[in-house]
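Novice: Pasting a predicted model and its sequence here:
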Amino acid sequence: MSEIYYCENCGGVMEFDVASQALKCPHCGTIREIRTDGQKVEEHRLTGYAKREIRAEEKQSTTMQCPSCGATVEVEATSTAKECPYCGTAFVLAEKQLSNIVPDGVLPFKIDKNRVGEIFRRWMKGRWLAPGELKHLYQKDKLQGIYIPYWTFDADATADYAAEGGKNHPIRVRNAKGVEETLMEIRWQSTRGRVGRFFDDVQVHASDRLDDRLIREIEPFHTKEIPPYSPDYLSGYSSEVYTVDLEDAHRTARTQMERELYALAEQDVLRRYDHVRNVRLNASYRSETYKHVLLPVYATSYHYKKRQYTVLINGETGRIQGEYPKSPAKIALLVFAAAVLIGAFFFLTSDRRGDRYGYETPIYAEAEYEQIKEG
């Protein structure tokens, strides 16, 4: 079934409002608090069974009937919230939420579309190499608020490591001219140790709809105190279901954790040595848990000379990242300006070298100058 949140006062369709963090009727302004039934966000034990069973389904598009106007609407395979293109009614696809695991929490949007428009325009204004006409491409109606699925992982991790630590030792040598010089020699030694860290909410993007590189650039989201899931948050926004299996996401999270453990091992070696190389880890993980959450992202795209460019904005923090075309004329101007600066530098330095070696206009002592003048 599809669920619409009607206003008890005027009958209008209520949508999630960023300012009040509640459902609000856009017609009469009536506000209704989000219903969470007093539940708390739960961390689930990461077991082999969970990794085998929690997998993305092979989804196909679904034909739905708008519960407001009755129009037939084609819904994307991964959508769980939709706006009817005929009457504009925002509704939540409850049965599609239940076809997968229900999210444990939802981080609501903290930034509304007006502020996002300012963020986008300021970002575009700072793209000096972009063509001038791009400054006018922002269109508010093309900006889409989407709840993106994520997996988060906790783990108590330790790693035994083996590495080589190097210490600087000064040595005296004679150069080709027979002059003694002091050089620094690195003497390497084998070393071992152990590092550890508790990882809390390692975030792994769980949808393939948006560019993974851009998504990583607008992270992180603050998920430590995330509110429990309620479909109320989705009203008026798009929402996606996960398309990345729990097992694949866990593998990605382990890779992120291992990178940090590697950095900790390097730091540990450098407390005793001047240099480090050839770090090898043997990591172990205990008390691993996971949860499934929805996180807020604004997405917009625009076309320029037959190519599409995407911009993403973190709906909680306003962090922005995007693609944009570069103007050949501006790049040429930048190269020309750099060439002029380099040429000026060489001209000035060669002028000073001329002073040093005495091959410009000679300067005479006063007596010599008088003799030359007279004769």
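Specialist: Looks like it arrived, so ask away.

Novice: Could you check how far stretch 243-259 is from the centre of its chain?
Specialist: 17 Å (CA atoms, centre = their mean, to the nearest Å).

Novice: Check stretch 248-265 too.
Specialist: Mean-position distance between stretch 248-265 and its chain equals 17 Å (CA atoms, centre = their mean).

Novice: buried set for it?
Specialist: Residues 249-250, 252-254, 257, 261-262, 264-265 are the ones in stretch 248-265 that count as buried (16 or more other CB atoms under 10 Å). Where you see a C-beta, it was placed from the backbone N, CA and C, and this is true even at glycine.

Novice: and of those residues, the nearest to Phe198?
Specialist: Met257 (10.4 Å; CB to CB).

Novice: before we move on, the earlier item: can the buried residues of stretch 248-265 go into a markdown table with extra columns for distance to Arg307, secondary structure and pLDDT?
Specialist: Output for the buried residues of stretch 248-265, formatted as a markdown table (distance: CB to CB, whole Å; DSSP: H, G, I helix; E, B strand; the rest coil; pLDDT from 0 to 100):
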| residue | distance to Arg307 | secondary structure | pLDDT |
| --- | --- | --- | --- |
| Ala249 | 31 | helix | 95 |
| His250 | 36 | helix | 97 |
| Thr252 | 29 | helix | 96 |
| Ala253 | 34 | helix | 97 |
| Arg254 | 36 | helix | 97 |
| Met257 | 37 | helix | 97 |
| Leu261 | 41 | helix | 98 |
| Tyr262 | 38 | helix | 98 |
| Leu264 | 42 | helix | 98 |
| Ala265 | 44 | helix | 98 |
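
Novice: and the residues you listed as CSV, adding distance to His275?
Specialist: What follows is the buried residues of stretch 248-265, written out as CSV (distance: CB to CB, whole Å):
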residue, distance to His275
Ala249, 36
His250, 34
Thr252, 31
Ala253, 31
Arg254, 28
Met257, 25
Leu261, 20
Tyr262, 16
Leu264, 17
Ala265, 14
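
Novice: I'd like to know which of these is nearest to Arg45.
Specialist: Set against Arg45, the nearest of the buried residues of stretch 248-265 by CB to CB is His250 (12.4 Å).

Novice: is it true that the closest one touches Leu46?
Specialist: Yes. The pair His250 and Leu46 qualifies as a contact (CB atoms under 8 Å) at a distance of 6.6 Å.

Novice: tell me, what's touching those two both at once?
Specialist: Common neighbours of His250 and Leu46, using CB atoms under 8 Å, 6 or more residues apart in numbering, are 153, 290.

Novice: Just give the closest residue to the residue nearest in space to the middle of the chain, not the sequence neighbours.
Specialist: In the chain, the centroid-proximal residue (CA atoms, centre = their mean) is Glu217; its distance is 2.0 Å. Among residues not flanking Glu217 along the chain, Gln321 sits closest, at 3.7 Å (CB to CB, 6 or more residues apart in numbering).

Novice: Now do the strands for the stretch 151-300 of the chain: every range, in order, please.
Specialist: Counting by DSSP state E, counting those that start in this stretch, the stretch 151-300 of the chain has strands at residues 180-205, 238-240, 275-304.
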